[in-house]
Structure formats: structure tokens, C-alpha cells
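Peer 1: Need coordinates for the following:
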Amino acid sequence: MTMSIFDKLLASPNMMAVFDDAAIVAAMLDFEAALAAAQAEEGVVPLTAAQAIAAACDAAAYDIPALVTAGRRAGTLAIPLVKALTVRVAEQDADAALHVHWGSTSQDVQDTAMVLVTRRALHLLDRMLDSLCGRVLGLAQQHLGTPVLARTLLQPAQVTSFGFKIVNWAAPLLRARQRLRGAAAAALQLQLGGAVGTLAVMDERGPAVARAMARRLGLQAPAGAWHTQRDEWVGLGLEVALLTGSLGKLAADLALMAQGEVGELAEPSGEGRGGSSAMPHKRNPVSSMIGLAAATRMPQQAATLLAAMGQQHERGLGNWQAELAAWPDLFVSAHGALQALDDAFAGLRVDPVRMRANIDALHGLVFAEAVSIRLAGAIGRPQAHALVERLARQAASEDRPLEDVVRAAVEGDAGLGTKVDLQQLHALFDPAAAAGPGARLAQARLDELRAAHAAFGPFPHSAQGTA
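Peer 2: Numbering: from 1, shown residues only. This is a model prediction of the structure:
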């Protein structure tokens, strides 16, 4: 596929190859070979014709740039390709050439080719999701008890478990993997309808040809042509978009935690990774950058699919073509982000000491809610909340630990002094204890997620048909 130099910086070579020109043409020729073989099986065309057509379906024998140029004039790549295929077949068997593309139409070959290459793309996504999920879940297990600041509205909120935070990164990825498999089961269908979707040229044998052809290509046999019924196909694309959105959230958290002033995480470095052309000290989070770039672009790519769904009558004008052009970008962006984040987690540096230092630097203010709840048992919730709010402001203005200010207030109040246990109060300021609730929830969730991860197995849709 044709991409700008800036696209390539965000993409993975493997996914680019899935959708390149040669791969699309090869998939279109796979369609033509499978069509002829299925028609021969059902007695629609002679077996010798099917064999001659299959022998001519070698993408390496075609001038692909010339086909692309001709396709622009024709409005579809299928027209010049079928013409070139017919010429090649005629060179060996003039009678067989009469049966090339028999009873099919341009959208049949183009849509089915996109289904075939998309199946390969989904295999790549699934394998990379498997790797990334494994790394993320492993990291969560290592850091179940590691205290870290939870942040809301970009401000320190409370202490939680870093493992709890990581589990919340992993869960959407596992859900995305499951949904992608379900969407693939519905969307990886043969497209075969002929001119207006009725298979009219093949008469009553059309449905049998479609079933035989789907079997050869390893695709689902649809209930009917879906030339302008794009719901299941677009649904698959939107699942890729949702996955990329989840990767963007993960990338955003990594980037924020890797900021120099925070320093809790760091992406791998070395060998030219993450450097600066001007500042030798920089350690830029390039994996997070790629994930965020993919997530930023994805809404526009997904919107094109949705905007193209209003296709006119039995064949769309302009909208189907827009969908085809946008489709590869979804997968290239998603896989580029997946690969980048998998690389990051393969060598991610976690700094628990810095996490603890960031907690300590707040002088106990993040434990204010716990203190308020404890005091509420003695003086009631409204009064406790107001008191701790005032004491927190005092601690901040005097640059004193909140625990010292609260202890002084309790000791200076005869009523509170008899109702509040100072040892229990001290325990509220322990970061490890504060991380406990998150750690317990994370452990239970982690057990479920690890079991789900192990249960996936290989991607259920074969990457190759039997044509």
C-alpha cells in the first residue's frame, strides 16, 4: 500500500505488507481461481476451463502498477485485472477464456479480496495482542503490592496498588481480543452476488457455487450478497478502532508516568531509541508516542466507515470506494500501536522507589479521605470532613505532614483525644496498607484475566483457504 514517509514511522512493515498492492492483486486472483473451481464443481463451467484459469492466477505475472493506473480510469481495479487475466488465459486456451469471471461482478472480487487480506491482518493483531497481554499481566503480578499514586483530573488523589492500575490496562485489551474474534466470525464472508446480488447468470446453481467457493477460500458462506449491507463488515472495523482507543489510553498513562518530574516508569532506551536531535539527556517515550498518534487518527478513519454506510440501491457510488481506501489504515494504525507498546513492555523500567517518593512528597495529603472517615466515627461525617479539609489546608500552607497536623488537633481536643486511637490514626498514613484494597481487587481480577488469556488459543479463522 502507498504511504507517506510519516505514515511509515507509525506503522509496522508486516501489516503494511498485508495490504500492499501485490497482496491485494494476489487475493483478487485467488477469488477468480476459487470461483472457476467452484463453478466447475457445480457444472457451470468445464473443468479444463477452471484449470486454465487457475494456472493464470499468478500475481507475479502481472504488471501491477499498470493495473493500478488502468483501475483509476475504470473506477475499479477489478476491470483491468479481469481483462488481463482473460488475455493470459486466452493465450493458452481460447475457450477457457470465455469463462473467466463468469457470473461475478467487480465488487465481488474486490470485497472478497479485502476479506482475505483482512483475515491475515487479524492474525497479526491477534498474535500481537497475545504478546502484549501476556507482558502486561505478568507485570501486574509482579506489582500487586507496589504503592503508587492514583490520579484523578491529573491531580494526586489516593494511594493505590500499581498492580491494580496495570490490571485496568489489561482488561480492555482482553475484551478487545474477544470482540475482534466475534466480529471476525460474522464479517469474514465471501462476497458473491453478480451484477445486482441475485446470481442470475448461474441460475439455481448460484448458491451451491457460493458455498463451494466459500469452502475453498476458508470463508463463511453468506446468506446473500452484502454489496450495500455493510453492517457486519463495518462492525469489524469499528472493533479495530475501539482496540486502538484502548491502546491510546494505555499509551497516555505510560507517557505521563514517564515524565521526568514523575519518573515512575521509563520506556527502554539505547540504540538510538527515544533520543533528541538537540538535547542529549532526553529519553523520549516513543512507544507511547506511536500509540497516541494511532489513537488520535483512528476516529477519523472509523468515521469514514460509518459515513460510507449509506450506499445507494444495489451498488454504492463513491462511498464504497471511500470505505475501501480507509480500511487498511485502521489495521496499519492499530498494529503499529500494538507493536510499539509490546516493545515498551518488553523492557519497561518500573521505579517503585520513585513511586514511594512521589507519595511521600505530598506530606500525607492523599490520606485525607481515610482520616476523614476515621474521624467521622467520633464526630460525625460533616464535621469530620470540614475539620480534615481545614487541617489539609493548614498542612499545605505550613509545609508540614498532614499526620502531624491531625495528631496535634486530636491531642489538643479533649473530646477527640478520648475517641481517636493515635496508633490507628498512624496506620492510615502507611502507603503499603493503603495499597491493600487495590491489591486484593487486582489479585482477584488478575486470576480471571490470566485464565481468559490462557483460554484463547490460536486465532480460529484459517489464514489460508484451500483454493
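
Peer 1: Which strands border whichever helix or strand Val159 is part of, and is each parallel or antiparallel?
Peer 2: With secondary structure defined by DSSP states H and E, Val159 is part of strand 155-161. When pairing is defined by DSSP bridges, strand 155-161 lines up against strand 147-152 (antiparallel).

Peer 1: buried sites along the partner strand?
Peer 2: Using 16 or more other Cβ atoms under 10 Å as the test for burial, strand 147-152 gives 147-151. All C-beta spots, glycine's among them, are computed from the backbone N, C-alpha and C.

Peer 1: Using neighbour counts, pick out the buried residues of the strand holding Val159.
Peer 2: Buried residues in strand 155-161 (16+ other Cβ under 10 Å): 158-161.

Peer 1: same thing with stretch 27-44?
Peer 2: Buried-residue list, stretch 27-44, by 16+ other Cβ under 10 Å: 27-42, 44.

Peer 1: In strands only, show me those residues.
Peer 2: The members of the buried residues of stretch 27-44 all map outside strands under DSSP state E.

Peer 1: Next secondary structure after the helix or strand hosting Ala340?
Peer 2: Counting by DSSP H and E, the element that carries Ala340 is helix 319-346. With elements assigned by DSSP H and E, the helix or strand that comes after helix 319-346 is strand 349-350.

Peer 1: among the buried residues of strand 147-152, which two are most distant?
Peer 2: Greatest spacing in the buried residues of strand 147-152, by Cβ to Cβ: Pro147 and Arg151 (13.5 Å).

Peer 1: quick one: contacts for the most centrally placed residue in the chain?
Peer 2: Nearest to the mean C-alpha position of the chain, by Cα atoms, centre = their mean, lies Leu243 at 3.0 Å. For Leu243, the contacting residues are 125, 129, 173, 176, 180, 334, by Cβ atoms under 8 Å, 6 or more residues apart in numbering.

Peer 1: change it to 10 Å
Peer 2: Residues in contact with Leu243 (Cβ atoms under 10 Å, 6 or more residues apart in numbering) are 125, 129, 172-173, 175-177, 179-180, 294-295, 298, 330, 334-335, 337-338.

Peer 1: try Ala11
Peer 2: Applying Cβ under 10 Å, 6+ apart, we find Ala11 in contact with 1, 3, 290, 294, 328-329, 331-333, 335-337, 339.

Peer 1: Apply 7 Å and report the result again.
Peer 2: 3, 332, 336 (Cβ atoms under 7 Å, 6 or more residues apart in numbering).

Peer 1: ok so, going back, what helix or strand is the residue nearest to the centre of the chain on?
Peer 2: Applying DSSP H and E, one finds Leu243 within helix 231-257.

Peer 1: buried stuff in that helix?
Peer 2: Buried, per 16+ other Cβ under 10 Å, within helix 231-257: 232-234, 236-248, 250-251, 253-255, 257.

Peer 1: as a whole number, average confidence for that helix?
Peer 2: Helix 231-257 shows an average pLDDT of 98 in the prediction.

Peer 1: do stretch 436-445 as well
Peer 2: Per-residue scores along stretch 436-445 average to 97.

Peer 1: before we move on, what about stretch 453-467?
Peer 2: 78.

Peer 1: any idea of the pLDDT on Ile5?
Peer 2: Per the predicted model, pLDDT is 81 at Ile5.

Peer 1: and it, how far is that from Ala357?
Peer 2: Separation of Ile5 from Ala357 (Cβ to Cβ, to the nearest Å): 41 Å.

Peer 1: When these two are compared, which one has more neighbours?
Peer 2: Ala357 (12 against 6; other Cβ atoms under 10 Å).
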